[in-house]
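> here is a sequence with its predicted model. Questions after.
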Amino acid sequence: MNAVHDDSNSGKNISTERTLRTFVEFFEERGHRALTGSSLLPPPGDPVLFTTSGMHPLTPYLEGLRPHPLGRRLVNVQRCLRTTDLDEVGDSSHLTVFEMLGSWSLGDYDHGQSLRWGFELLHDGFGIPAERMYATVFDGDEQVGPDLPSLEIWGELGLPVERTRDDNWWSNGPTGPCGPDSEIFVWTCPDGTPPRGTPTTDPRWVELWNHVSMRHLRHDDGSLEPLARPSVDTGMGLERLVTVLQGRTSVYETDLFEPWMRLVPQLWPGLDGDSLRLVCDHLRSAVVVLGDGVRPANTGRGYVLRRLVRRLLTTLWRDDPSRTVADLPVELVELVEQTLRHFRQSTDSGPVLAQLRAEEERFGRLLDRGRRVLARREFRGRPLSEQDYFYLHDTHGLPRELVDGGLLGTW
C-alpha cells in the first residue's frame with residue numbers, strides 16, 4: 001500500500017480523516033467487513049452506561065457464543081466514553097469521548113498474522129520508522145506460559161521487545177474472555193532525541209496499538225478454560241495515533257482540536273492550559289452525548305452528561321460569571337457532527353445549544369440556592385463538618401466539590 005507520510009517524514013500533513021480512512025481501507029483490503037453505527041450507548045440489557053471500547057459490543061462473538069452476521073474478519077471505528085478518566089481530562093492526552101480503531105479475527109487468522117499486519121500498517125502505511133517502535137509481550141505467570149510466538153515474530157520483524165507480566169495480560173473483567181496481549185509503542189520526542197530505555201522505564205515511549213490473543217475464558221473461581229475458537233482483538237486510539245503522526249505532543253495540538261483551541265479562547269479570553277483543554281473537551285463531549293440521545297438527569301447516563309456540563313461551567317464562571325454556552329459558535333457543534341459520525345439523533349445546532357443552555361440555567365439556579373443556604377447563620381465563621389457536607393448534598397443537592405469550588409462565595 002502507499003504510505004501516507006510526506007517526504008520529510010514530519011507527518012504534519014496527515015489529517016485525522018485520512019488517518020481513519022487509511023486504517024479502515026487497510027483491513028478492508030484484507031477481507032475485513034466494516035462495522036457501522038458505533039453509538040456511545042451499549043445494546044439493551046448491557047449494565048454499563050456507555051461503550052468503553054471497540055470490543056465491548058463484540059463480546060458474545062469473541063466468546064464464540066454465536067457467529068457474527070458480517071463474518072469472521074471485522075474492522076471498526078467506535079466512539080467511546082470512560083467515566084474513570086474524567087478527573088484526568090485537562091492534561092495533554094486524556095479525552096472524555098474518543099474513538100477507538102479496532103480489528104478482529106473471530107476464529108479466523110491467528111495472533112501472529114495480526115502482529116505482522118500491525119507492523120506493516122504502522123511502518124509501510126503510516127511511515128513510522130522501525131527504529132522508533134518497541135514491542136512488549138507477556139512473560140508468563142503461574143497459569144500461562146510466556147508468549148513465545150509473539151517474541152519470535154517481533155524478532156523476525158526486527159523490533160526490540162520488553163517482556164512484562166500484568167501489563168501484557170488483557171481481560172474484560174474478573175471473568176470472561178482474556179489472554180496475553182502484545183503492545184506496540186512509539187518513541188515520541190519532538191527535539192529529535194534518539195530512543196532510550198524501554199516502554200516501562202521511559203514515558204516517552206507511548207503505547208499505540210494493543211493486540212490481544214483472546215484464547216481463554218476465566219471462570220468465577222479464577223480458573224482458565226481454553227476457548228474453542230480463539231480470536232484476535234486489537235485496539236488503537238485514533239486521537240493518540242494522530243498525535244504521533246502529526247508530530248505533536250498533545251492531542252489538543254492536532255487538527256482534530258484546532259478549531260476548538262482557536263475559537264474558544266477568542267470567545268472566552270483568559271482560558272489557558274488545563275482550563276482551556278477541559279472546557280474544549282467537555283463541550284465537545286457534551287455535544288456527542290446529546291447527539292446520541294442522552295439528556296441531563298440526576299442518575300445514570302444523564303448524570304454523566306450533567307456532570308460534564310457543570311464541570312465546564314464551573315471552570316468558565318470562576319473568572320467571569322457572565323460567560324454563557326449560548327455564545328458557543330454553531331460551527332463547533334457542526335464540526336462534531338462531521339468528525340464523530342453516525343449519531344443516533346440529529347445534532348442540529350439549535351436543539352443541542354438549547355439543551356446546553358437549559359442545563360446552564362438549572363445550574364445557575366442551584367448556585368443561587370446554595371449561596372442562600374450557606375449564608376445562614378449556622379454556617380458562618382466556621383469550617384464545614386462531614387455532617388454539614390452530607391446535609392448540603394442530601395437535602396439541597398450541593399455536592400462537596402461544588403461547595404468547595406469557590407462559586408458559592410465564602411461563609
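That came in fine, so what should we check first?
> who's in contact with the nearest residue to residue 220 once chain neighbours are set aside?
Leaving aside its chain neighbours, residue 220 sits nearest to residue 175 (5.9 Å; criterion: CB to CB, 6 or more residues apart in numbering). C-beta coordinates here come from the backbone N, C-alpha and C atoms, glycine included. Residues in contact with residue 175 (CB atoms under 8 Å, 6 or more residues apart in numbering) are 218-220.
> same check, this time on residue 388
Residues near residue 388 by CB under 8 Å, 6+ apart: residue 379.
> next secondary structure after whatever helix or strand it lives in?
For residue 388, the host element (DSSP states H and E) is helix 386-396. Elements were assigned by DSSP H and E; along the chain past helix 386-396, the next helix or strand is helix 400-403.
> please spell out which residues along that following helix are buried.
402-403 (16 or more other CB atoms under 10 Å).
> about what we covered before: pull the CA atoms of the helix holding residue 388 into PDB?
The C-alpha coordinates for helix 386-396 follow below in PDB (Å, rounded to 0.1, in the frame of the first residue of the first chain):
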ATOM      1  CA  GLU A 386     -18.700  16.000  57.400                       C
ATOM      2  CA  GLN A 387     -22.300  16.100  58.700                       C
ATOM      3  CA  ASP A 388     -22.600  19.600  57.000                       C
ATOM      4  CA  TYR A 389     -21.400  18.200  53.700                       C
ATOM      5  CA  PHE A 390     -23.800  15.300  53.900                       C
ATOM      6  CA  TYR A 391     -26.700  17.700  54.700                       C
ATOM      7  CA  LEU A 392     -25.900  20.100  51.900                       C
ATOM      8  CA  HIS A 393     -25.800  17.200  49.400                       C
ATOM      9  CA  ASP A 394     -28.600  15.100  50.600                       C
ATOM     10  CA  THR A 395     -31.100  18.000  51.300                       C
ATOM     11  CA  HIS A 396     -30.100  20.700  48.800                       C
END
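> what residues sit buried inside that helix?
388, 391-392.
> just to revisit the earlier point, give me the pLDDT value at the residue nearest to residue 220.
As predicted, residue 175 sits at a pLDDT of 88.
> ditto for the one 4 residues further on
Among the per-residue scores, residue 179 shows a pLDDT of 95.
> can you tell me the SS state at it?
strand (DSSP: H, G, I helix; E, B strand; the rest coil).
> what's around it, how many residues?
Residue 179 has 26 neighbouring residues, counting by other CB atoms under 10 Å.
> just checking, what packs against the helix of greatest length in the chain?
In the chain, assigned by DSSP state H, the helix with the most residues is helix 349-374. Secondary-structure packing of helix 349-374 (3 or more CB pairs under 8 Å, 6 or more residues apart in numbering; DSSP states H and E): helix 273-291, helix 300-319, helix 330-339, helix 386-396, helix 400-403.
> mind putting the ones you listed into JSON lines with distance to residue 35?
Below are these laid out as JSON lines (distance: least, CB to CB, whole Å):
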{"stretch": "helix 273-291", "distance to residue 35": "18"}
{"stretch": "helix 300-319", "distance to residue 35": "22"}
{"stretch": "helix 330-339", "distance to residue 35": "18"}
{"stretch": "helix 386-396", "distance to residue 35": "42"}
{"stretch": "helix 400-403", "distance to residue 35": "38"}
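> could you say which of the ones you listed is packed most deeply?
Among those, the stretch with the highest mean neighbour count (mean count of other CB atoms under 10 Å) is helix 273-291, at a mean of 22.
> next, the contact list for the closest residue to residue 158 other than its chain neighbours, please.
Distance criterion CB to CB, 6+ apart; nearest residue to residue 158, sequence neighbours excluded, is residue 130 at 5.9 Å. By CB under 8 Å, 6+ apart, the contact set of residue 130 is 119, 123, 157-159.
> same question, residue 46
By CB under 8 Å, 6+ apart, the neighbours of residue 46 are residue 56.
> what's the distance between it and residue 178?
When distance is defined by CB to CB, to the nearest Å, residue 46 is 19 Å away from residue 178.
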